[in-house]
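Undergrad: Provided below for reference: sequence and predicted model.
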Amino acid sequence: MSTALLRMGIRGRRLIQFRFCSSLTTRQNSYYEHYDSGTRNLIDEFTTYCYQRNLERAMKTLNVMQRGKVFADSITYSELIKCCIASRAIAHGKRIHKHVFSGGYEPKSFLINNLLNMYVKFGLLDEAQALFDEMPERNVVAWTTMISAYAADSELKDKALEFLTLMVRDGVIPNMYTFSSVLRACQGPGILRQIHCSIIKVGLESDVYVRSSLIDAYSRWGESDNALCVFNEMVTGDLVVWNSIIGGFAQNCDGDTALCLYKQMKGAGFVTDQSTLTSVLGACTGLALLELGRQVHVHVLKYDHDLILNNALLDMYCKCGSLDDASCIFTHMDEKDVISWSTMIMGMAQNGFSRKALDLFEEMKDSGIKPNYITILGVLFACSHAGFVEDGQYHFRSMKKLFGINPGREHYGCMVDLLGRAGKLDEAVKLIHEMECEPDAVTWRALLGACRVHREMDLAAYAANKIIKHDPYDAGTYTLLSNIYAKSQRWQEASMVRNAMKNKGIKKEPGCSWIEVNKCIHTFIVGENSHPQISNIIRELKQIIWGLKEVGYVPDTDFVMQDLEGEQMEDSLQYHSEKLAIVFGIMSLSSGQTIRIRKNLRICGDCHVFAKLLAKMESRSIVIRDPIRYHHFQDGFCSCGDYW
DNA sequence: ATAGGGTTAG
């Protein structure tokens, strides 16, 4: 007689040893054949229900079996617990937990680990911790389950790292599961490097899970170089590792590298999935590559029910200035969440369609989706850009009451912008002093922007000094401040600012514009006449300026109040990068096509007038995206309403 | 039995 059957006899009851393992273990380990056909049928039924994750029926069948003195063992319970997790049956899970410990036999360690995992999956960390504390022996799985639980909680990441130390102290050796969990808990590049060292020491760096976690962790802390090192050391990788590195660069605003890696990935024969496409769309968004984005859209159609992917698509079209496409996708999405709505509201606002943004906000509330911090930001952004002072004040005042959202710095920034732009500079200053959180450079920049519009030199100087205090390397603000002093004939202060800039080694970022023609990106950098067709472009530009002057274009050379937010004055008025890019667009795109430009600096007043008049003269749309907002030029007007 | 990648702002 086998020892198993002997044990059954001693305990005086029958245990179910399931068919879950019958394909894995040999039949001699199974009690199954010793049962009568009625019991066998019950077990079959139970097994089927468990596989179907039909908890209700499985529990019922188990009760029937227990009445026939056939009891569950650890494997049985484990399967039941998996059922509970799948159907999120918390109460059932707790009942099974009690059951396990009230039985007359000792639960196997894997069963307790399953219970632990169940509490973690249900987010009941206290219960999990209590169970963990009671465990007679904690193996690497139990430790890893706890570490993974704490690492996933933004408030408890320190605890995950602490558990790693405790675990090692307890003599339990972390494995690749442990490391890929604990990497999520690293709260800075220092500790990350330490963990990386440990991983190398135990020789786990080539595990794909560990590798993708490392890449992700380095990317999250802005250390793309290290992420790329980890990636490049890879001999054999999988889709997720590729997705990690592509996503890492896409999120770190390095779309070029992300797209380059995407190309390599396809070259290496990998098939993309939703995650890849989401990151690639993100790269297109960052680079304003509408045509490439459209190509990716074709692949996205395969996954038309993927919400995250659709949201990324939506954002791509918004940020590439194609709101018709965005609206079309938005109306056809079968599921919309708060991010879909926020993306659309912000997209409308940034592109100058403020009324539409506010209408969407009303629609969103009607649809029952609760706005979040970012949604409200979009709403206030829309109000400030259109001068809807009362709407803005209403939404700002009611956000806490209606949605329980406390206004943050960004919200105050929008309000300062709104009030300041409406000429209520006193109220804007008052609001800054009333802020619950400390004003920062962004807040002061909003005030400075308003001062620029209303030519408030003194207040502008005050705000600019505040910005420099917060952000001592902001070249744009230095330039602006020095220009303000110069304009007010405060020469000494002007030269002091310029000296401070020189001493700190702060240099202006050169103006740069990009345009996509035939799937190729053409770059124009001010002062660097590096484009192969530059002489033709300049010749054409001169003719255009000549033509525009005939219809009333007067080049504007007053830059004093135009340097804002890192958008420094570009040196040569005539050859501003966006002018070159626009002219190149006219020369190389077919006549009906919209000209789309992306800029690294804010557009200057002169180029703005130039684009408006040119759009009218050429009867075509020009869209320029700067780091903050969008300008849709058409028929002599701009969607920004001449405020930016 | 325990582990990895994707969406809104700044």
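TA: Looks like it came in fine. Residues are numbered from 1 along each chain as shown, chains lettered A, B, ... in the order given.
Undergrad: Close to DNA strand B: what parts of the stretch 51-200 of chain A are there?
TA: Residues of the stretch 51-200 of chain A found near DNA strand B (CB under 7 Å from any atom of the strand) are A:78, A:109-110, A:113-114, A:117, A:139-142, A:144-145, A:148, A:152, A:175-178, A:180-181, A:184. In short, each C-beta sits where N, CA and C put it, glycine included.
Undergrad: list the buried ones in stretch A:59-69?
TA: For stretch A:59-69, burial by neighbour count (16 or more other CB atoms under 10 Å) applies to A:59, A:61-62, A:65.
Undergrad: The residues of the stretch 51-200 of chain A next to DNA strand B, buried ones only, as a ChimeraX selection?
TA: A single ChimeraX command selects the buried members of these (16+ other CB under 10 Å):
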select /A:78,109,113,114,117,141,142,144,145,148,152,175,176,177,178,180,181,184
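Undergrad: mind giving me TSV with the buried residues of stretch A:59-69 and columns for pLDDT?
TA: Listed next are the buried residues of stretch A:59-69 as TSV, based on pLDDT from 0 to 100:
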residue	pLDDT
A:59	81
A:61	86
A:62	81
A:65	82
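Undergrad: Let me know the closest of the residues you listed to residue A:549.
TA: residue A:59 (84.8 Å; CB to CB).
Undergrad: where does chain A have low pLDDT?
TA: A:1-33, A:103-104, A:557-574, A:644 (pLDDT under 70).
Undergrad: same for the longest helix seen in it, what does it pack against?
TA: Under DSSP state H, the helix in chain A containing the largest number of residues is helix A:534-550. Helix A:534-550 makes packing contacts with helix A:577-588, helix A:605-618 when contacts are defined by 3 or more CB pairs under 8 Å, 6 or more residues apart in numbering; DSSP states H and E.
Undergrad: Give me whichever of these is most buried.
TA: Using mean count of other CB atoms under 10 Å, the stretch among the helices and strands packed on helix A:534-550 with the largest mean neighbour count is helix A:577-588, at a mean of 24.
Undergrad: who's in contact with that one?
TA: Identification of contacts with helix A:577-588 by CB atoms under 8 Å, 6 or more residues apart in numbering yields A:511-515, A:517-518, A:522, A:524-526, A:531, A:533-534, A:536-538, A:540-541, A:544, A:570, A:595-597, A:599, A:603, A:607, A:610-611, A:614, A:618, A:620, A:622, A:624.
Undergrad: got it, and stretch A:201-213?
TA: Under the criterion CB under 8 Å, 6+ apart, residues A:173-177, A:179-180, A:183-184, A:196, A:199, A:214, A:230-231, A:233-238, A:240-241, A:243-244 lie in contact with stretch A:201-213.
Undergrad: still on that earlier bit, angle of the longest helix of chain A against helix A:605-618?
TA: Relative orientation of helix A:534-550 versus helix A:605-618 (axes from the mean of the first three to the mean of the last three CA atoms, to 10 degrees): 80 degrees.
Undergrad: Next, count neighbours for residue A:425.
TA: 21 (other CB atoms under 10 Å).
Undergrad: show me the contacts for residue A:416.
TA: Counting by CB under 8 Å, 6+ apart, residue A:416 makes contact with A:428, A:431-432, A:443, A:446-447, A:450.
Undergrad: quick one: which of those residues is nearest to residue A:99?
TA: The closest of these to residue A:99 turns out to be residue A:443 (CB to CB; 58.3 Å).
Undergrad: What is the helix or strand containing residue A:277 packed up against?
TA: Applying DSSP states H and E as the criterion places residue A:277 in helix A:274-287. Secondary-structure packing of helix A:274-287 (3+ CB pairs under 8 Å, 6+ apart): helix A:239-251, helix A:255-267, helix A:290-300, helix A:307-319.
Undergrad: From residue A:403, how far off is the residue in the stretch 351-500 of chain A that DNA strand B sits nearest to?
TA: Nearest to DNA strand B, among the residues of the stretch 351-500 of chain A, is residue A:374, at 3.7 Å (CB to the nearest atom of the strand). Relative to residue A:403, residue A:374 is positioned 12 Å away (CB to CB, to the nearest Å).
Undergrad: can you check residue A:221 too?
TA: 32 Å.
Undergrad: And these two? Which one has more around it.
TA: A count of neighbours by other CB under 10 Å puts residue A:221 above the other of residue A:221 and residue A:403, at 19 against 15.
Undergrad: wait, what's in contact with that one?
TA: Residues near residue A:221 by CB under 8 Å, 6+ apart: A:186, A:188-189, A:192.
Undergrad: picking that back up, wondering if the helix holding residue A:277 reaches DNA strand B at all.
TA: Yes - interface with DNA strand B: helix A:274-287 contributes A:274-279, A:282, A:285 (CB under 7 Å from any atom of the strand).
Undergrad: Of these - the most surrounded one?
TA: Among these, residue A:279 has the most neighbours (other CB under 10 Å), with 27 neighbours.
Undergrad: That one contacts residue A:259, doesn't it?
TA: No - taking contacts as CB atoms under 8 Å, residue A:279 lies outside contact range of residue A:259: 9.7 Å.
Undergrad: one step back: which among the contacts of residue A:221 count as buried?
TA: Applying 16+ other CB under 10 Å to those flags A:186, A:189, A:192 as buried.
Undergrad: Show the contacting residues for the first one.
TA: Listed by CB under 8 Å, 6+ apart, the contact set of residue A:186 reads A:157, A:161, A:192, A:195, A:217, A:221.
Undergrad: Out of those residues, which two sit at the greatest distance?
TA: A:161 and A:221 (14.8 Å).
Undergrad: Tell me which residue of the stretch 501-644 of chain A lies closest to DNA strand B.
TA: At 6.9 Å from DNA strand B, residue A:628 is the closest residue in the stretch 501-644 of chain A, using CB to the nearest atom of the strand.
Undergrad: That residue: neighbouring residues, count only.
TA: A total of 15 residues lie near residue A:628 under the criterion other CB under 10 Å.
Undergrad: For the nearest residue to residue A:303 once chain neighbours are set aside, which residues are in contact?
TA: Closest residue in space to residue A:303, ignoring its immediate chain neighbours: residue A:274 at 5.0 Å, by CB to CB, 6 or more residues apart in numbering. Neighbouring residues of residue A:274 by CB under 8 Å, 6+ apart: A:303, A:306, A:308-309.
Undergrad: How about the residues of the stretch 351-500 of chain A by DNA strand B?
TA: A:372-375, A:377-378, A:381, A:410, A:442.
Undergrad: all helices for the stretch 351-500 of chain A, in order.
TA: Ranges of helices within the stretch 351-500 of chain A are A:354-366, A:373-386, A:389-403, A:409-421, A:425-434, A:441-454, A:457-470, A:475-487, A:491-503, based on DSSP state H, counting those that start in this stretch.
Undergrad: closest to residue A:636 among the residues of the stretch 351-500 of chain A next to DNA strand B?
TA: Each of these was checked against residue A:636 using CB to CB; the closest is residue A:381, at 25.4 Å.
Undergrad: wait, doesn't the closest one sit right on residue A:348?
TA: No - Residue A:381 is beyond contact range of residue A:348, at 9.7 Å (criterion: CB under 8 Å).
Undergrad: any shared contact partners between those two?
TA: residue A:357.
Undergrad: In contact with residue A:366, which residues?
TA: With contacts taken as CB under 8 Å, 6+ apart, residue A:366 has no neighbouring residues.
Undergrad: next one: residue A:179
TA: Residues counted as contacts of residue A:179 (CB under 8 Å, 6+ apart) are A:195, A:198-199, A:204, A:207, A:210, A:213.
Undergrad: do the same with residue A:280
TA: Applying CB under 8 Å, 6+ apart to residue A:280 gives the contacts A:246, A:250, A:258-259, A:262, A:272, A:296.
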